[in-house]
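Novice: build the 3D model from these lines:
(3 chains)
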Amino acid sequence: MAEQGLQTDFSDKLLVWYDANARELPWRMKTPDPYKTWLSEIMLQQTTVAAVKDYFLKFVSLWPTIDDLAAAATEDVMRAWAGLGYYARARNLHACAKIVAGELDGFFPASMEELQKLPGIGPYTSAAIAAIAFDIPAAAIDGNVDRVISRYYAIEEPLPQSKPRIRTEATKLVPQKRSGDFAQALMDLGATICTPKSPSCDICPLTDECSGRIRGMATALPRKAKKEKLPSRFGHIYWIENSKGEVLVRTRANKGLLGGMTEFPSSDWLRAKRPEFEAPFESEWKKQSSLVEHTFTHFHLELTVWKTRNDSTQLACRFVGREQLSDEALPSVMRKVIGVVLD
DNA sequence: AAAACGTGGCG
DNA sequence: TCGCCAAGTTT
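Specialist: Next up, the predicted model:
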């Protein structure tokens, strides 16, 4: 029937293109390893391939199997993840590894439903693992697929309202065979051809049937609501060095922003502008000439950096040697603080 | 269901 | 320069 013909046409053309144009990525292999599929998919959540590559290789080198990762110390996992962002992923990753290694005999479940019960695995990731690692015809719908499908069907309704429609169409296109390749092919197409700003429709394998291109609206799709401007927050952060040259740091609570990561002691980060400097304790404080500016997902942060020399361990912190600082689970914003102090 | 949750690169 | 964006999940 016609519906089947369209589906076959789409996936056949896409897979032919994929066979000739698939990107070579460290987590792609002839025989899929569910552990590596899972690890890469968690890292790739809202994160570019370029950013993930080195982290993936580092994790596989440090922990070649799910049992190795499960046996690791949480602090080691957090510091290996440091810089990659969305740190709840690292906490969930380790929790998931412990469940799979400890309760599931080291095997990831081979169904979307069971996969989704594990921490850090949601609708997209469960489908991606099911398709790529277990060859289950699941629709892995990520940002790429949203874009490709929106354009192919010229869906003018904006995201996220169009999600159900996109899911319906994408599900119909998934082939019974090579569903893992199909999932990756769709994402490769979105990443290299059907790109957000200036898609290369002239070399797209689906260009003949793409309604968005035919109607001259591909680049404008998918439509999205404009984002509000981010608010700013301000604070003071303290570089406290003892006479041995060690620096005071502390570990953030295992929840919320930068949860489980190492930080230098700081004031609260307030929305009010120009907060007064309050010394956390009596000492000779010197203000650094440069500020630290950093943008998180939902606010800008401006930190004033203060430096002092003091030997008393305070503020529920610990002293670490300057050389050991690089071994800490320091998020990017804290590495910027180091940059300002050492400048 | 809307908001929280990082970072770096690019046009 | 700065808004947009990247293989989303959790609460």
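Novice: if you drop the residues flanking it in sequence, what lies closest to A:Arg322?
Specialist: Setting aside the residues directly before and after it, A:Arg322 is nearest to A:Gly245 in space (CB to CB, 6 or more residues apart in numbering), at 5.8 Å. No exception for glycine: its C-beta is placed from N, CA and C like everyone else's.
Novice: from A:Gln45, how far out is that neighbour?
Specialist: 39 Å (CB to CB, to the nearest Å).
Novice: the two: who's more crowded?
Specialist: A:Gln45 (17 against 11; other CB atoms under 10 Å).
Novice: isn't the more buried one right up against A:Gly85?
Specialist: No: taking contacts as CB atoms under 8 Å, A:Gln45 lies outside contact range of A:Gly85: 9.8 Å.
Novice: pull the contacting residues for A:Ala20.
Specialist: Listed by CB atoms under 8 Å, 6 or more residues apart in numbering, A:Ala20 has no contact partners.
Novice: which of the helices or strands spans it?
Specialist: Element membership for A:Ala20 (DSSP states H and E) is helix A:2-21.
Novice: convert the C-alpha atoms of that helix to CSV, please.
Specialist: What follows is helix A:2-21, C-alpha atoms only, in CSV (Å, rounded to 0.1, in the frame of the first residue of the first chain):
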residue,chain,number,x,y,z
ALA,A,2,1.0,3.6,-0.4
GLU,A,3,1.9,4.2,3.2
GLN,A,4,4.3,1.3,3.2
GLY,A,5,5.8,2.5,0.0
LEU,A,6,6.6,5.9,1.4
GLN,A,7,8.1,4.4,4.5
THR,A,8,10.3,2.1,2.4
ASP,A,9,11.3,4.9,0.1
PHE,A,10,12.4,7.1,2.9
SER,A,11,14.4,4.5,4.9
ASP,A,12,15.9,3.0,1.7
LYS,A,13,17.2,6.3,0.5
LEU,A,14,18.4,7.3,3.9
LEU,A,15,20.2,4.0,4.5
VAL,A,16,21.9,4.1,1.1
TRP,A,17,23.1,7.5,1.9
TYR,A,18,24.2,6.4,5.4
ASP,A,19,26.2,3.4,4.0
ALA,A,20,28.3,5.9,2.0
ASN,A,21,28.3,8.8,4.4
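Novice: need the next SSE after it, C-terminal direction.
Specialist: helix A:34-43.
Novice: the helix or strand following that next one - contacts with which helices or strands?
Specialist: Moving toward the C-terminus from helix A:34-43, the next helix or strand (DSSP H and E) is helix A:49-62. Under the contact criterion of 3 or more CB pairs under 8 Å, 6 or more residues apart in numbering; DSSP states H and E, helix A:49-62 touches helix A:34-43, helix A:74-81.
Novice: nearest to A:Val145, of the ones you listed?
Specialist: Proximity to A:Val145 (CB to CB) singles out helix A:34-43 among the helices and strands packed on helix A:49-62, at 13.9 Å.
Novice: skipping adjacent residues, who's closest to A:Arg23 in space?
Specialist: A:Asp188 (5.6 Å).
Novice: wait, what's in contact with A:Asp76?
Specialist: Contacts of A:Asp76 by CB under 8 Å, 6+ apart are A:Leu62.
Novice: ok, now how distant is it from A:Leu62?
Specialist: 8 Å.
Novice: any idea how far A:Pro275 lies from A:Pro109?
Specialist: A:Pro275 is 49 Å from A:Pro109, by CB to CB.
Novice: A:Pro64 too?
Specialist: Distance from A:Pro64 to A:Pro109, by CB to CB: 21 Å.
Novice: neighbour count: the two, which is higher?
Specialist: Between A:Pro64 and A:Pro109, counted using other CB under 10 Å, A:Pro109 has the larger neighbour count: 19 against 13.
Novice: who's in contact with that one?
Specialist: For A:Pro109, the contact set (CB under 8 Å, 6+ apart) comprises A:Leu115, A:Lys117, A:Leu118.
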